[in-house]
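Participant: Kindly return the folded structure for what I paste below:
(one chain, ligands or ions: 2)
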Amino acid sequence: MAILITGGCGYIGSHTCLELIRAGYDIAVLDNYCNSKPEVLGRIRELAGRDFPFFPCDIRDEKALRAVFDAVPVQAVIHFAGLKAVGESVRDPLAYYDNNVGGTVTLCRVMQQAGCRCIVFSSSATVYGKDNPSPLREEMPVGRVENPYGRTKYIIETLLQDLCASDPAWSAMLLRYFNPIGAHESGRIGEDPAGIPNNLMPYIAQVAVGRLEQLSVFGNDYNTPDGTGVRDYIHVTDLARGHVAALAYALRHTGAEAVNLGTGKGCSVLELVHTFERVNGIPVQYRIAPRRPGDVDVCYADPAKAARLFGWRAEKTLDDMCRDSWRWQSLNPQGYDA
Ligand code: NAD
Ligand code: UFG
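Facilitator: Ligands and ions are numbered 1, 2, ... in the order given. Now for the predicted structure:
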């Protein structure tokens, strides 16, 4: 039996493929390449020293999805496939509801028909909205979300809870990620955003490598020690290992569980910039710019539930994250296009 990884060619999915193989799982991967490149598959296989089945498939295509489940006996699904750009979701909500919500409905229907009822889902800390104070705990109220992207995550969490309530055989882990950064320590796989990056670390790395001129720090008048926004940055390899631990739990338990995957430590924008400069010995040009609409002052996890439920804790440091992001960016200045 294999673990099927939807969106396995993406940033978090590619790192999770490797950690699953390392942990001894057989995997199968599907992706429609709407935000990734085929090149990544060769690199995962190279790092894993092993082949695995890949299906170029869109999760909204029920027939194609059924063919995947016919070809591979699937024990559980780790579901990364989704669109994730907040601004784009405001401009084009239908694309987000169609891909993220519609795609998940189709996926779950095909899983059910195939007798596979175990799913690990990529949710986000964004479901906590603006009103809850950090550290964010899983039992806090969710759903007062600011944008269509975040609402699709909340809706999918609710959908999976309803599914588990309807049939006690279902098992769903709703993993609420904080801010994944870093890359595999080999520098062979990493984050390769299309166009100008929306997120802080890929922006810093592209300034450092000379692709972009200057970082804009969005606001220095937040209610934080240095005035810049505070987030819970987590190394993508730690995050990937969190999936392996969550999967093992999901395979032994039924029902829906929401679980934070974060470090529990906040770090400001300027702290991240200065850590990157110190660890890598590279200057990063920046200027202070106006606040970005929708941003919160502070957002970090209480990670205790993941430790209690499945024994997972983030282990890598901010220095590791900055070093590995830079190794990836400097070895692959144009990402997978090189
Ligand atoms: P990513 O864009 O790198 O990976 C997503 C992958 O899914 C891509 O390879 C894309 O081509 C594929 N995909 C999208 N729609 C698809 C479809 N309909 N059919 C098949 N494949 C499809 O993103 P990521 O950073 O690796 O994020 C993975 C998941 O985690 C996403 O669901 C995202 O919303 C969620 N998440 C990410 C972050 C983050 O900061 N990166 C934070 C919280 C949650
Ligand atoms: N920032 C800058 N300049 C930039 C980019 C970001 O100063 O060019 C700042 C932001 O204002 C924020 C911090 O860096 O204070 C982190 O911003 P990111 O865009 O990297 O991450 P966010 O915390 O805003 O968003 C992330 C995901 C979203 C998800 C959200 C949930 O990208 O998809 O976490 O908490 F919804």
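Participant: wait, what's in contact with A205?
Facilitator: When contacts are counted by C-beta atoms under 8 Å, 6 or more residues apart in numbering, A205 is found next to 276, 325-326, 328-329. Quick note: C-beta positions are derived from backbone N, CA and C, even for glycine.
Participant: To clarify, my last question referred to E157.
Facilitator: Applying C-beta under 8 Å, 6+ apart to E157 gives the contacts 121, 123, 127, 142, 174, 258.
Participant: didn't A125 look like it was pressed against C299?
Facilitator: Yes - under the criterion of C-beta atoms under 8 Å, A125 makes contact with C299 at 6.0 Å.
Participant: Return the helix or strand in this structure with minimum mean pLDDT.
Facilitator: In the chain, no helix or strand scores lower on mean pLDDT, DSSP states H and E than helix 86-91, which sits at a mean of 94.
Participant: Is there contact, residue-wise, from that helix to ligand 1?
Facilitator: No - using C-beta under 6 Å from any ligand atom, helix 86-91 stays clear of ligand 1, with a minimum separation of 9.9 Å.
Participant: now that helix: how far from the chain's centre is it?
Facilitator: How far helix 86-91 lies from its chain's middle: 18 Å, per C-alpha atoms, centre = their mean, to the nearest Å.
Participant: Quick check: buried residues in that helix?
Facilitator: Using 16 or more other C-beta atoms under 10 Å as the test for burial, helix 86-91 gives 86, 88-89.
Participant: for A28, helix, strand, or coil?
Facilitator: Local secondary structure at A28 is given as strand here, using DSSP: H, G, I helix; E, B strand; the rest coil.
Participant: er, R109 I mean
Facilitator: helix.
Participant: cool, and the one 10 residues further on?
Facilitator: At I119, secondary structure determined by three-state DSSP is strand.
Participant: count of residues packed around it?
Facilitator: For I119, the neighbour count with other C-beta atoms under 10 Å is 26.
Participant: Distance-wise, check it relative to I156.
Facilitator: 10 Å (C-beta to C-beta, to the nearest Å).
Participant: Name the residue of the chain with the shortest distance to ligand 2.
Facilitator: Going by C-beta to the nearest ligand atom, ligand 2 is nearest to G229 of the chain, at 2.3 Å.
Participant: Contacts (any at all) between ligand 1 and the top helix by length along the chain?
Facilitator: Across the chain, the longest stretch assigned as helix under DSSP state H is helix 148-166. No - if you take C-beta under 6 Å from any ligand atom as the test, helix 148-166 misses ligand 1, and the best it gets is 6.9 Å.
Participant: do stretch 13-27 as well
Facilitator: Yes - for stretch 13-27, a contact with ligand 1 is found by C-beta under 6 Å from any ligand atom, at G13.
Participant: Put the alpha carbons of that stretch into CSV.
Facilitator: Extracted as CSV, the C-alpha positions of stretch 13-27 are listed here (Å, rounded to 0.1, in the frame of the first residue of the first chain):
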residue,chain,number,x,y,z
GLY,A,13,5.1,18.3,-0.8
SER,A,14,8.6,17.7,-2.3
HIS,A,15,10.3,17.8,1.1
THR,A,16,7.5,15.5,2.6
CYS,A,17,8.0,12.9,-0.2
LEU,A,18,11.6,12.6,0.9
GLU,A,19,10.9,12.3,4.6
LEU,A,20,8.2,9.7,3.9
ILE,A,21,10.6,7.6,1.9
ARG,A,22,13.2,8.0,4.6
ALA,A,23,10.7,6.7,7.1
GLY,A,24,10.1,3.6,5.0
TYR,A,25,6.8,4.4,3.3
ASP,A,26,6.0,3.6,-0.3
ILE,A,27,4.7,6.8,-2.0
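Participant: what's next to it, contact-wise?
Facilitator: By C-beta under 8 Å, 6+ apart, stretch 13-27 touches 1-8, 29, 31, 36, 40, 43-44, 47-48, 50, 52, 78, 80, 183-184, 189, 236-237, 239-241, 243-244, 247.
Participant: ok, and for the helix or strand that contains H274, which residues are buried?
Facilitator: Take DSSP states H and E as the rule and H274 turns out to sit in helix 269-280. Buried residues in helix 269-280, counted by 16+ other C-beta under 10 Å: 269-273, 275-277, 279-280.
Participant: show me what contacts the residue lying closest to F55 once chain neighbours are set aside?
Facilitator: Leaving aside its sequence neighbours, F55 sits nearest to L30 (C-beta to C-beta, 6 or more residues apart in numbering; 4.3 Å). Each residue near L30 by C-beta under 8 Å, 6+ apart is listed here: 4-8, 54-57, 59, 65, 68, 81.
Participant: Nice, that's everything, thank you.
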